[in-house]
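A.B. asks: the following comprises the amino acid sequence and a computationally predicted model.
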Amino acid sequence: MFRPRIARACPNPALSTYGGRPSRLSAIARVARIAAKIAGVLVILAIIVLGTRSLSSAMASEATVSQAESSVSPLLKASTDPIDESERATLIDSLVASPADYTENVPEVLQGDAYPSGCEPAALASVLQSMGIDVSLEDMLAYLDYDPDFIDFVYHYAGDPAGSGSAWPPAMVDAANRYLDDAQTAENDTASAASNASGTPASDTSAGDEPNASANGASTSSASANSPSPKTAALQAVNISGASFSEVEQIIAAGYPVMAWTTTSMEDPEFSDYQIFGYQFVVNNHCVVVCGMADDESTVLVMDPLEGMVERDANNFARIYEERGGLAMVVAPTSTLS
């Protein structure tokens, strides 16, 4: 929390008197001084309130942390925890054997002033859009499971994207897959309704069939604009945390963008003493989409929700990424998952 720097008062010529009585200028100065003090108090109170709120997770008692840890269901953990090393190697081999061009289509999705802590949902929206899915940052916000008490940043989004908050890969994998599940349900319902109306059998979209493409390459669907794209039925988000940066390179070389957790402005990670589920909180946490690598491997191309498409020094990016434990996730075709 920043501590406001308070300057010492200095003599003010406006406080002079004329004829032994305070001048009109002196009275105005006194009013201005009082107003300044009130404003200063309000600023300090705001800093205290915001600071307390953003640091509340760090002040959580052991009992509170234990309670939060015990409240997460084994099913959620099993579906969002990192896959093991052998599973990750199998997944990478499958992705390499099934190359795509999604990394060439990664759009800029910026968190903007409205969501100063919305890097994770912005990054996820960008990845899904690169796969032809009509989804917005706001859509992803609706799928986050929130913890307003700032306790669990691993399986929940701790805080508020419109203020202060963050989420680690398990929470984002959960949000992504709940969105994709709803997408498949919406597509099946649409297909059933169309079948009933026409009297013809509905086609099976759960096997990974992709929607028709329009002339500009965008996927088309009979569902409403706010409905998840039917293409999502063939995709699944996977937590690949623990992957080395070399493994991330292999995945993006195969054409699949990777969401990676790094730091704002590529600063050194500022680790907090607070941890939960074995994950240590990082004060300057940031999430980006890795989508390209220079031919000489000197720079990496990332979609940074704060800045847009930027190049980063590859060695420095890899260092920060791996210092943070290699936190990452990928959205992969279900056909590549064993």
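C.D. replies: Now that the structure is in, tell me what you want to look at.

A.B. asks: can you give me the buried ones in the top strand by length along the chain?
C.D. replies: In the chain, assigned by DSSP state E, the strand with the most residues is strand 285-293. Neighbour-count burial for strand 285-293, counted by 16 or more other CB atoms under 10 Å, picks out 285, 286, 287, 288, 289, 290, 291, 292, 293. The C-beta positions use only the backbone N, C-alpha and C, and glycine is treated the same way.

A.B. asks: alpha carbons only: can I get that strand in PDB?
C.D. replies: C-alpha atoms of strand 285-293 as PDB (Å, rounded to 0.1, in the frame of the first residue of the first chain):
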ATOM      1  CA  ASN A 285       0.500 -10.700 -11.400                       C
ATOM      2  CA  HIS A 286      -0.400 -10.500 -15.100                       C
ATOM      3  CA  CYS A 287      -1.800 -12.900 -17.700                       C
ATOM      4  CA  VAL A 288      -1.000 -12.700 -21.400                       C
ATOM      5  CA  VAL A 289      -1.500 -14.800 -24.600                       C
ATOM      6  CA  VAL A 290       1.700 -16.200 -26.100                       C
ATOM      7  CA  CYS A 291       1.100 -16.500 -29.900                       C
ATOM      8  CA  GLY A 292       4.400 -16.300 -31.700                       C
ATOM      9  CA  MET A 293       8.200 -16.500 -31.700                       C
END
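
A.B. asks: where does residue 262 land in three-state SS?
C.D. replies: Three-state assignment for residue 262 (DSSP: H, G, I helix; E, B strand; the rest coil): strand.

A.B. asks: before we move on, back to that, can you give the distance from the longest strand of the chain to the centre of its chain?
C.D. replies: 11 Å (CA atoms, centre = their mean, to the nearest Å).

A.B. asks: give me the helices and strands touching the helix or strand following it, please.
C.D. replies: Once the chain leaves strand 285-293, the next helix or strand it forms, by DSSP states H and E, is strand 299-304. Here strand 299-304 touches strand 285-293, strand 308-313, helix 314-323, going by 3 or more CB pairs under 8 Å, 6 or more residues apart in numbering; DSSP states H and E.

A.B. asks: what helix or strand is residue 329 on?
C.D. replies: Short version: residue 329 belongs to strand 328-333, going by DSSP H and E.

A.B. asks: ranges for the strands of the stretch 101-250 of the chain?
C.D. replies: Applying DSSP state E, counting those that start in this stretch to the stretch 101-250 of the chain gives strands spanning 146-147, 157-159, 165-166, 235-239.

A.B. asks: quick check: mean pLDDT across the second one?
C.D. replies: The one in question is strand 157-159. Average pLDDT, strand 157-159: 97.

A.B. asks: what pairs with that strand, parallel or antiparallel?
C.D. replies: When pairing is defined by DSSP bridges, strand 157-159 lines up against strand 146-147 (parallel), strand 165-166 (antiparallel).

A.B. asks: which residues touch residue 302?
C.D. replies: Counting by CB atoms under 8 Å, 6 or more residues apart in numbering, residue 302 makes contact with 260, 288, 289, 290, 291, 309, 310, 311, 312, 317.

A.B. asks: tell me how the protein divides into domains.
C.D. replies: Here the domain assignment for the chain is 13-54, 62-212+224-336, based on automatic domain parsing.

A.B. asks: ok, the most centrally placed residue in the chain - contacts?
C.D. replies: In the chain, the residue lying closest to the centroid (CA atoms, centre = their mean) is residue 120, at 0.5 Å. Counting by CB under 8 Å, 6+ apart, residue 120 touches 157, 161, 166, 167, 171, 172, 259, 287.

A.B. asks: wait, doesn't the fifth one sit right on residue 153?
C.D. replies: If I follow you right, that is residue 171. Yes - in terms of CB atoms under 8 Å, residue 171 counts as a neighbour of residue 153; the distance is 7.4 Å.

A.B. asks: the helices in the stretch 1-150 of the chain, which residues?
C.D. replies: 24-54, 62-71, 74-80, 85-97, 119-130, 137-143 (DSSP state H, counting those that start in this stretch).

A.B. asks: tell me what angle the fifth one forms with strand 308-313.
C.D. replies: Put simply, helix 119-130 runs at 100 degrees to strand 308-313, going by axes from the mean of the first three to the mean of the last three CA atoms, to 10 degrees.
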